[in-house]
Structure formats: structure tokens, C-alpha cells
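Participant: Make a model of this:
(2 chains)
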Amino acid sequence: MWRYEKKLQYPVNIKEPNAKLAKYIISQYGGPDGEINASLRYLSQRYTMPHGMQKAVLTDIGTEELAHMEMIAAIVHQLTRGLSAEELEAQGFAPYYIDHTAAIWPQAAGGVPLNANQFQSKGDPITDLFENLAAEQKARTTYDNILRVVSDPDVCDPIRFLRKREIIHFQRFGEALRDLQDKLDSRNFYAFNPSFDKKPAAPKAF
Amino acid sequence: MNMKPNMMGAPLSKQALMNQINEASFAIDEVLLFLDTHPNDMAALDYYRNAVSVRRQAMDIYQSQFGPLMADGVYGNRWNWINDPWPWEGGC
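Facilitator: This is a model prediction of the structure:
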């Protein structure tokens, strides 16, 4: 069960609208490495985690990603707020504006819509935790790319916060993976699914 | 629905406390929506205040005795937030 807190995790106060930046940053809302995909990935994977630590890490990071999704939406909203159709068009926002006006809609920077095929929930905790480590790094790279093209400090500040959270999540996922591996049968880390197979297969004689 | 806070009498069992939390929580979920579209309804606001007070008290007792239901509800000296069972496993 979830309850909403009527506040952002980190403040977003952008004074100068800039629809060109909004078009880039929307990617961290509905793009392949965006916050919605991250949240859905973790909150879907947690059901097949074998131990409390991994269930907790996925629940808590998946929950935090919901707050990040809200921050990205707030950034995009403030970057497009109050602009006329002419201004939106002049700033390269016309294709988005035609379909969504100045609403928030989950798409990548290139216009590709949100798609669950952009993440996996595989039911094997080793597989899933490795995917999550990669996902956090991909999101960090996207924030790095955004920061290279943004100069407004009002935009950079919350983006830098989000980038740092990707690094923290990477660390925690790494620890959760190590803890899980420590609890596996040392005969076989990778050739069985600890959430599905009862025990690892005995080593085969070749 | 009995929505009186349990100020005295025998301590409630884990299940009874959880029932009280579930009832009060859903009462808040429900009256919240009603108040969103009827913000001047004083009777609904009274109902909301009562449900909030029952939930707060029951949550406080439950979390201090049986473990956290929310991430800021760990009361003891051990981090029992990660303990099994989880809600989808038949835990609360």
C-alpha cells in the first residue's frame, strides 16, 4: 500500500521556461532508462526475491523512483509553463505539443513512447539484480548527457541530485547482489534460479 | 463501523489492531476522495479527523509492538523493516 506525500523529494524551482530542454529531459520520465521504467522494474521484480534484504531494497528504491518520476514531471512542467504555441514551436516542441499540448506524457527524447519491453522482470534474482545495476548506470549516463547540454542552474541542481541517487542505488544493488550470492550454494552460483529451482544441480561429470 | 480509539481496557491482539488500522485507513482513503470534491462538508471533515486519530493511535501501538508498517515506523534497536513476511506473502 502506498500513501502520497504532498512534497517533492528535492525542490524544483525553475524561473525560465525552456521547451527545448523539456524535450530532452522528458526522456527521464518515459524513456528507456527513465524513472517510470525503473520504478516498474523494481516493484515488479521484488515478488521473486528470496530474502528480506533484496525485497526491501527493491521496495524502497522502487518507491523512491516514484518520487523521481514526480520530480522529472515537475521539471518538464516548469520548463513548458506559460509558453505560447509560437514559443513552443520556435523551441522545437511542436511535435510533442500537437499531441499533448503542455501535458506530461511518458516518452523518450526522440518521441518513442514508454514501453515495458524496455525492462525485464525475469524471476531470477541474480539476473534481475545485474539488470538493475546496469539500469542505474544507464540512467546516470543519461543524466550526464543532460547536464552537458543544460546551463540553467535551476535545472542542473535537481538533475544533479537525481544523478547522485543513481550512484547510491547502484551501490545498494551491488550490496544486495553480494548478500544474495553469499547465501547461494557455492557449488553453483549461476546455473540455477534460486527463486525457482529447489536446489542447484549437482556438478555433472564430463 | 466502530471507530473509537482504544484508550483503555485489555490490549488489542495483533490481528485486532491490524483490523482497526485497515478499517481506519480505508475510511481515510474513502472520505479523502469525498472531501476532495466536497471540501466544505463539515460532517465529512469530522469523520476524517476521527479516522485519522484512530489510525495514528493504532499504527503507533502496532508498530511499537509488532514491527514497522511504514519506513519511519521502526521503533526498536534492530532494523526489522527487512523481515519476512512481506504483504504479498500473506504478511500484514
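
Participant: distance of A:G52 from chain B?
Facilitator: 4 Å (C-beta to the nearest C-beta, to the nearest Å). Just so you know, the C-beta spots here come from the backbone N, C-alpha and C atoms, and that holds for glycine as well.

Participant: Can you verify my assumption that that residue contacts B:E89?
Facilitator: No: counting by C-beta atoms under 8 Å, A:G52 stays clear of B:E89, with 10.3 Å between them.

Participant: out of the two, which sits in the busier spot?
Facilitator: A:G52 (15 against 9; other C-beta atoms under 10 Å in any protein chain shown).

Participant: wait, is A:Y143 part of a strand?
Facilitator: No: counting by DSSP: H, G, I helix; E, B strand; the rest coil, one finds A:Y143 to be helix, located in no strand.

Participant: From the contact counts, what lies against the helix or strand A:K138 falls within?
Facilitator: Assigned by DSSP states H and E, A:K138 belongs to helix A:125-149. Where contact means 3 or more C-beta pairs under 8 Å, 6 or more residues apart in numbering or on different chains; DSSP states H and E, helix A:125-149 is packed against helix A:19-25, helix A:27-30, helix A:35-45, helix A:52-80, helix A:153-182.

Participant: do that again at 7 Å, thanks
Facilitator: helix A:19-25, helix A:35-45, helix A:153-182 (3 or more C-beta pairs under 7 Å, 6 or more residues apart in numbering or on different chains; DSSP states H and E).

Participant: How about it, which residues are buried there?
Facilitator: A:125-129, A:131-133, A:135-136, A:138-140, A:142-143, A:146 (16 or more other C-beta atoms under 10 Å in any protein chain shown).

Participant: Name the residues that touch it?
Facilitator: Outside helix A:125-149, the residues that touch it by C-beta atoms under 7 Å, 6 or more residues apart in numbering or on different chains are A:24-25, A:27-28, A:33, A:38, A:41-42, A:45, A:48-50, A:54, A:120-122, A:156, A:159-160, A:162-163, A:166-167, A:169-170, A:173-174, A:176-177, A:180, A:190, A:194-195.
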